[in-house]
Every structure is written in structure tokens, then in C-alpha cells.
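Chemist: Okay, sequence plus prediction incoming.
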Amino acid sequence: MNKLMFSDDVLEAATDWYDRMEELTPEQLQSYQSWLEQRHEHRAAAEYIARYFGDNEALAIAVLQRSATEGPPASHPSVPPVAGDTDRVEPSASTSLLDQIRAWFSHESLQPLLAPLMLVILLLPPAIGYVVLSQPATSKTLSYATERAERQDMMLEDGSRVVLNADSRVQVTLSESQRYVALNKGEAYFSVSKDKQRPFIVDTDLGQIRVVGTAFNVDRSGDHLVVVVEHGIVEVTAAGTTLQLLAGDGLRLAEGTLSMFRDADAAEWRSGWREVSEEPLSELIAHLQQYTAREIVLDQVDTRQVFSGRYSQTDVQTTLALIANLFDLKLQVTDDRLLLSGR
């Protein structure tokens, strides 16, 4: 399904419904059905989200609702009766939506139609660099910064929450037309209050992130840019490309190369720990440096090697000892530096 079939606002609404699917009361489920009935665009977006996450039940709700209002879709041909299925009861107007879903899943012949589709990345027309939006003359800019081994949790005037990791710096400008954050250094987690009239923009020297209301993490430590989405929709422009990320998506820009990863945790670092998959040693060392005044020095260490697992970013010396053991390195500790050597 092509993203151009529905607007960003509709895609965002479909994502919000999906995030709350397991918690919907019967009344809320009815409201969701009503929303699906309003426009074809709503049903198309709901189907897209369900297929994106390989969620059979959410997909069935969207497709069944479309079938009820439009008839069988062309891309899903009618399923012939199952041999010996003489007692099959077709859904009627009085049959509940959840009962229809159960009926769908009771027939093996429908399983191929509901198999999770391949994960896709929505590529919009390439951009040259990224746009830095001008700041209105009447805007007030506030600066926030943390020292090494310090974190700061703050609430902005618009109701958005920002958590700064150690050794990080941001400048925040709130105006009538936009909410603009310049992440000059380090890492920050954002939980953005919804305001469709004022997009929330996070700018770094390597890329720009644009949202309306969502939660996500931006890491500009070291020489890389990593964006991870907790929920909602995030648009990232970097390296001449614009991508849309959904919950659990992660994007990494390192040495001019963009890569995507899934099942990422946007905010575990706030507990002092990180769970990572194939994190380059260069990123790992940058995270540890945020929590120690002693310089971490590397000597003949290939920082392109990757680490997968969980480590403490606050207990720097213990984590470095773990890395030394895993990668056959030597760790030397002095009063003013921590030396990892490949010799």
C-alpha cells in the first residue's frame, strides 16, 4: 500500500488507534469502527499500520470494516468455501466485529491473506541536505545543559517532556508556528504534546527530526546520529533522504551511511543501562565518556567492531573491563585516563 493514499494526519490517527488497540473498551472499539467507516483513507491507513507490524487481528478489524462498507476488495479475492464446511455461517449485520474476526481466523484458507508483510521503509522524494527553519523574531530561546554524569528531566511550556542525558546541550524555541529544539551535543528523549498547528522539530548538524505528537530519542553523541521511536510517527531528514519511522523503528547515520534497525528501546538509558544490538564501539565509548571525567583513550582498537547486549553506562570502569575481555583488549586505569589497548 502506498503511503500517498493517506495524509500524515490520518496516518498519525491510525497509529494512535493501533497503540491503544489492546486497551480499548467496547465503547472505544465502537468509536474506532465509526472512525474507520468515515473515510476510505482511514481504513487504508489502519490496514497499512497493521500490515507494517504484522498484526493479524488489527488487520482483520480494518479489512472487515472495509468489506462491510465497500464489499470485497479487489486485492483480496473471495475465498471459496472450505470442503466439508456446510455449517459455515456468513457474518450478518448483527454479528459483532470481534465475532467476525474469530470467524476469519477459524479458516486456514484465510491465513495467507493475513500473513505479515515485509517491513518497508517509506522513502519520500530525496532532499538536498535538510531544512533549518528560521526562528520568528518574537520567539524566546532557552538553553539547557547537563554536566558529565548528570541527567535533567524537564517540562516545556507546551507540555512536552525533555530528558537530557549526561554531557548534553539543547536550545529550545517555542513560537506560534513551531516548536524548535537544537540538539547541539549529546542525547535527549522527547515526549511531545500534540499540537497539529505547531510541529515539533529537533535539529542536529547531521539531520532533522519532525513530529506533531509522539515520543522518541535522539542521540548525537560522538560522530553519529541515532533516532529511535517509542510511539507515534517521526520524520527524519538526513544524508539527503527523508524517512518516516514508526514505533520500534531505529535509524543510525554513521560515516555518511544510513541504516535501519527494529525493536529498539527509545528510553532505557534513563535507568542507567543500555540494551543494544550491534552498536559500534565508537558509539559505546561516546556514551561512556558522558559519565566520566577521565578521558577514555583508545590505542589500536577497531571502533567499527560492534557490541550486542546490555551494559551500564554509569559504571564506566566495569563496562570497559567487559569490553576489554570480549574484544581481547587491555585496560589500564590511571587517575586521569582509562586506556583501552589492542596491543
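Modeler: Ah, there it is.
Chemist: Quick check: end-to-end length of stretch 240-258?
Modeler: Using C-alpha to C-alpha, to the nearest Å, the end-to-end distance of stretch 240-258 comes out at 10 Å.
Chemist: Can you mark which positions in that stretch are buried?
Modeler: For stretch 240-258, burial by neighbour count (16 or more other C-beta atoms under 10 Å) applies to 241-254, 258. Heads up, the C-betas are built off the backbone N, CA and C, glycines and all.
Chemist: do the same with stretch 324-338
Modeler: A324, L329, L338.
Chemist: contacting residues around the closest residue to the first one other than its chain neighbours?
Modeler: Same thing as A324. In space, and not counting its chain neighbours, A324 is closest to L331: 4.2 Å by C-beta to C-beta, 6 or more residues apart in numbering. Listed by C-beta atoms under 8 Å, 6 or more residues apart in numbering, the contact set of L331 reads L320, A321, A324, L338, L339, L340, S341.
Chemist: my guess is the last one meets Q300, correct?
Modeler: Yes. Contact between S341 and Q300 holds when scored by C-beta atoms under 8 Å: they sit 6.5 Å apart.
Chemist: which residues touch L320?
Modeler: Contacts for L320 were tallied using C-beta under 8 Å, 6+ apart; they are L288, I296, L331, L338, L340.
Chemist: could I have the helix or strand harbouring the second one exported to CSV, CA atoms only?
Modeler: Same thing as I296. Using DSSP states H and E, I296 falls within strand 295-299. Taking C-alpha atoms only, strand 295-299 is exported to CSV below (Å, rounded to 0.1, in the frame of the first residue of the first chain):
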residue,chain,number,x,y,z
GLU,A,295,39.5,10.6,29.3
ILE,A,296,38.8,7.3,27.6
VAL,A,297,41.8,6.7,25.3
LEU,A,298,41.9,4.0,22.5
ASP,A,299,45.1,2.6,21.2
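Chemist: How about residues contacting that strand?
Modeler: Contacts with strand 295-299, where a contact means C-beta under 8 Å, 6+ apart, come from 285, 288-289, 316, 320, 336-343.
Chemist: Against T25, how distant is the residue nearest to the spatial centre of the chain?
Modeler: Geometric centre of the chain, nearest residue: V229, 1.8 Å, by C-alpha atoms, centre = their mean. As judged by C-beta to C-beta, to the nearest Å, V229 and T25 stand 26 Å apart.
Chemist: Next: Q305.
Modeler: The gap separating Q305 from T25 is 50 Å, by C-beta to C-beta.
Chemist: Of the two, give the one with the bigger neighbour count.
Modeler: Taking neighbours as other C-beta atoms under 10 Å, Q305 and T25 compare with Q305 leading, 15 against 8.
Chemist: who's in contact with that one?
Modeler: With C-beta under 8 Å, 6+ apart, Q305 has these contacts: P280, L281, F327.
Chemist: now do L338
Modeler: L338 neighbours (C-beta under 8 Å, 6+ apart): T292, R294, E295, I296, V297, V316, Q317, L320, L331, Q332.
Chemist: what does A286 give?
Modeler: Counting by C-beta under 8 Å, 6+ apart, A286 makes contact with S221, G222, D223, H224.
Chemist: tell me the SS of it?
Modeler: Using DSSP: H, G, I helix; E, B strand; the rest coil, the structure places A286 in helix.
Chemist: what about the helices in this protein?
Modeler: 8-19, 26-38, 40-52, 56-70, 97-105, 111-114, 281-289, 316-326 (DSSP state H).
Chemist: and G250, how far is that from N165?
Modeler: The value you get for G250 to N165, if C-beta to C-beta is used, is 16 Å.
Chemist: ok, and the closest non-adjacent residue to W17?
Modeler: Nearest residue to W17, sequence neighbours excluded (C-beta to C-beta, 6+ apart): Y32, at 5.5 Å.
Chemist: The one you found is in contact with E23, isn't it?
Modeler: No. Assessed by C-beta under 8 Å, Y32 is found out of contact with E23, at 11.5 Å.
Chemist: These two: which is more packed in?
Modeler: Shown here are Y32 and E23; by other C-beta under 10 Å, Y32 has more neighbours (22 against 7).
Chemist: Which pLDDT value goes with the more buried one?
Modeler: Predicted confidence (pLDDT) for Y32: 84.
Chemist: what sits opposite Y144 in the beta ladder?
Modeler: Per DSSP bridges, the residues bridged to Y144 are V170.
Chemist: What is the neighbour count of it?
Modeler: Using other C-beta under 10 Å: Y144 sits among 16 other residues.
Chemist: give me every residue that touches it.
Modeler: For Y144, the contacting residues are Q152, M154, V162, L164, R169, V170, Q171, V172, by C-beta under 8 Å, 6+ apart.
Chemist: Spit out the contact partners of the last one.
Modeler: Contacts for V172 (C-beta under 8 Å, 6+ apart) come out as T141, L142, S143, Y144, L156, V162, R179, Y180, V181.
Chemist: From V181, how far out is the fourth one?
Modeler: Distance, Y144 to V181, using C-beta to C-beta: 10 Å.
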